[in-house]
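Peer 1: predicted model and sequence follow; I will ask about them next.
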Amino acid sequence: MAVVRYNVSAHTTGNIMKKCNLTPGRYVSEAADKEDGKRIYYARKKSRVGALEARQQRRSERRQEEELNIKREGDTYVPGGF
């Protein structure tokens, strides 16, 4: 059920319950609507034109900062090194 819910939508919970001759309640439908709404909102937000460039820029800045820290501090973790 989790795989179908992830791949299709949150409304599959209600559909599966119907197939099992169970009546999904009002709250099952409301929760599915809310969950699907959030999923769609974040998918649209992530697919905006500037979002990809901004994510790539942040990722690049984090990598550069990490490399700078390693140069400054050296290795902070050495297996078995106490």
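Peer 2: That came in fine, so what should we check first?
Peer 1: now Gly80: phi and psi?
Peer 2: Comment: the main-chain dihedrals of Gly80 come out as phi 80, psi 0, following degrees, to the nearest 10.
Peer 1: tell me, how many residues neighbour it?
Peer 2: 4 (other C-beta atoms under 10 Å). For every residue, glycine as well, the C-beta is placed using N, CA and C.
Peer 1: let me see the contact set for it.
Peer 2: With contact set as C-beta atoms under 8 Å, 6 or more residues apart in numbering, Gly80 has no partners.
Peer 1: Ser29 too?
Peer 2: By C-beta under 8 Å, 6+ apart, the contact set of Ser29 is His11, Gly14.
Peer 1: please report how far it lies from Ser9.
Peer 2: Distance of Ser29 to Ser9, given as C-beta to C-beta, to the nearest Å: 12 Å.
Peer 1: which residues are contacting the strand or helix carrying Thr13?
Peer 2: Assessed by DSSP states H and E, Thr13 sits inside helix 12-19. Helix 12-19 is contacted from outside by Met1, Val4, Arg5, Thr23, Pro24, Val28, Ser29, Ala32, using C-beta under 8 Å, 6+ apart.
Peer 1: between the helix or strand hosting Asp36 and helix 12-19, how big is the angle?
Peer 2: Following DSSP H and E, the helix or strand that holds Asp36 is helix 26-46. Put simply, helix 26-46 runs at 150 degrees to helix 12-19, going by axes from the mean of the first three to the mean of the last three C-alpha atoms, to 10 degrees.
Peer 1: following helix 26-46, which helix or strand shows up next?
Peer 2: Proceeding C-terminally, helix 26-46 gives way to helix 49-73 as the next helix or strand, assigned by DSSP H and E.
Peer 1: list the contacts of that next one.
Peer 2: Lys45.
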